[in-house]
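Chemist: Based on what follows, work out the 3D shape:
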Amino acid sequence: MSVRVGVNLLWLRSGQVGGSQEYLLRQLTGLHEINNNEFDVTLFVQPGFAQNHEDLAKIYKFVEAPNHRGARVLRILLEQTWLAVKARKFDLMHHGGGTMPLFAGRRTVLTIHDVQYLSFPENFSRVRLSYLRKVVPRSIARASLISTPSEYVRQKLISEFAISPAKVKVVRHGIDEQLGKLATSEQELRQRLRLENKQVLFLPAVTHPHKNHKFLLQLMKTHWVDKNLVLVCAGGKGRGEVDFMREVRRLNLDDRVIRLDRVADHDRDGLLKLAKALVFPSLYEGFGAPVIEAMQLETPVISSDCAALPEIVGDAGIVLPLDLNLWASALDTLTARRESLIAAGRIRAAHFSVSNSGKDLAQIYRTAI
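Modeler: Residues are numbered from 1 along each chain as shown. The predicted structure is shown next:
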């Protein structure tokens, strides 16, 4: 008889995709690939889920909640009432948004993608920070098991909340094997973005302060001064957008920095493929999926040594402290090691397959039961 699993996706905003959303959705895709009727999964979702996540809607049963239009207060209220009633029918409830309602189910798995608020509280509003400080510890205490995307986050939870190590498991991020299959051609991107024969460095990230875009601007001004080298930044406008653009103008880098907003997947994949390197100077990542995506598309990676990045990149990329002088020669090192980095990257990316992510998730479900 199959284990009945309910998955709380009420926190997932239809049409918006970020690291934590992609993380769990790919796990569920991988679970379906390896599931031999062991788990009978039902997803609890917002209205519009089927239109925005067609593939998952085809393979899993799903129940739409009353419409809360993404309002956090209404979503929390629904979790405490409507979802609490539904949870009684399941052997296991999986809450993927980093917190759990008071009546979460008899046996539970809680996914915590990162705990950035502990390291960079200044990146959160006072209300949001207060909420996390109260609710996350309570959720951790009540969860049967906790899943994280990296050993870094796992160890952070164990040390900060005095959790038994046996209670926290790493479930790998899964990178879609179809990544890049529909990528926009290099020729089209170069023509559309007027890149001509430029060498491209690519950073796909929302302009939040912890993504550290301004570090790259300093490098472009003081060390990476080749006029043929351009930095393409693609991603939504975050809390650091105004400061970032102001710094571009102050350093007179308008002709060497191309600022794109959020781009379609096929354009992002095309930019990854044509780039000389993915440059990722982030101050905080619970995982850092773009570094593995770049490796899968055979683009070398230069990243910071912050948070989970050294663990995820391993020896398949160039990992450096955030020191301008140390990054100064990184492009020369990359050129000298390019073929070996590409080969190591392919092997590293294969470790983070969707099916491997699904296997990890299945194992944590078995352990929780």
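
Chemist: Okay, now stretch 206-214: how far is its last residue from its first?
Modeler: End-to-end distance for stretch 206-214: 13 Å, by Cα to Cα, to the nearest Å.

Chemist: Can you give the distance of it from its chain's centre?
Modeler: Put simply, stretch 206-214 sits 15 Å off its chain's centre (Cα atoms, centre = their mean, to the nearest Å).

Chemist: Could I get the buried residue list for it?
Modeler: V206, T207, H208, P209, H210, K211, N212, H213, K214 (16 or more other Cβ atoms under 10 Å). C-beta: built from backbone N, CA, C; applies to glycine.

Chemist: Next step: the residues you listed restricted to helices.
Modeler: H213, K214 (DSSP state H).

Chemist: And for D255, the neighbour number?
Modeler: 8 (other Cβ atoms under 10 Å).

Chemist: For R172, see how far away it is.
Modeler: Distance, D255 to R172, by Cβ to Cβ, to the nearest Å: 41 Å.

Chemist: Repeat that for D261.
Modeler: Between D261 and R172 the computed distance is 30 Å (Cβ to Cβ).

Chemist: pLDDT weak spots in this protein?
Modeler: Residue ranges of the chain with pLDDT under 70: 14-18, 70.

Chemist: what's the domain layout of it?
Modeler: Following automatic domain parsing, the chain resolves into domains at 3-174+354-368, 186-350.

Chemist: For whichever strand or helix holds A343, which outside residues touch it?
Modeler: Element membership for A343, per DSSP states H and E: helix 330-351. Outside helix 330-351, the residues that touch it by Cβ atoms under 8 Å, 6 or more residues apart in numbering are 172, 175, 224, 229, 276-277, 292-296, 298-302, 313-318, 320.

Chemist: Would you mind giving me the ChimeraX syntax to select the buried ones in those residues?
Modeler: In ChimeraX, this line selects whichever of these come out buried by 16+ other Cβ under 10 Å:
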select :172,175,224,276,277,292,293,294,295,296,298,299,300,301,302,313,314,316,317,318,320
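
Chemist: Take the contacts of helix 330-351 and keep only those in strands.
Modeler: In this view, these that belong to strands under DSSP state E are L229, A277, V301, I302, I318, L320.

Chemist: JSON lines please, covering those residues and showing distance to G180.
Modeler: Converted to JSON lines, the ones in strands among the contacts of helix 330-351 look like this (distance: Cβ to Cβ, whole Å):
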{"residue": "L229", "distance to G180": "23"}
{"residue": "A277", "distance to G180": "16"}
{"residue": "V301", "distance to G180": "15"}
{"residue": "I302", "distance to G180": "20"}
{"residue": "I318", "distance to G180": "22"}
{"residue": "L320", "distance to G180": "26"}
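
Chemist: Nearest to A162 among those residues?
Modeler: Among the ones in strands among the contacts of helix 330-351, L320 lies closest to A162 (Cβ to Cβ), at 33.1 Å.

Chemist: ok, the closest one - contacts?
Modeler: Counting by Cβ under 8 Å, 6+ apart, the residues that L320 touches are I302, S303, S304, D305, L326, W327, A330.

Chemist: was I right about Q199 contacting N228?
Modeler: Yes - counting by Cβ atoms under 8 Å, N228 is a contact partner of Q199 at 5.8 Å.
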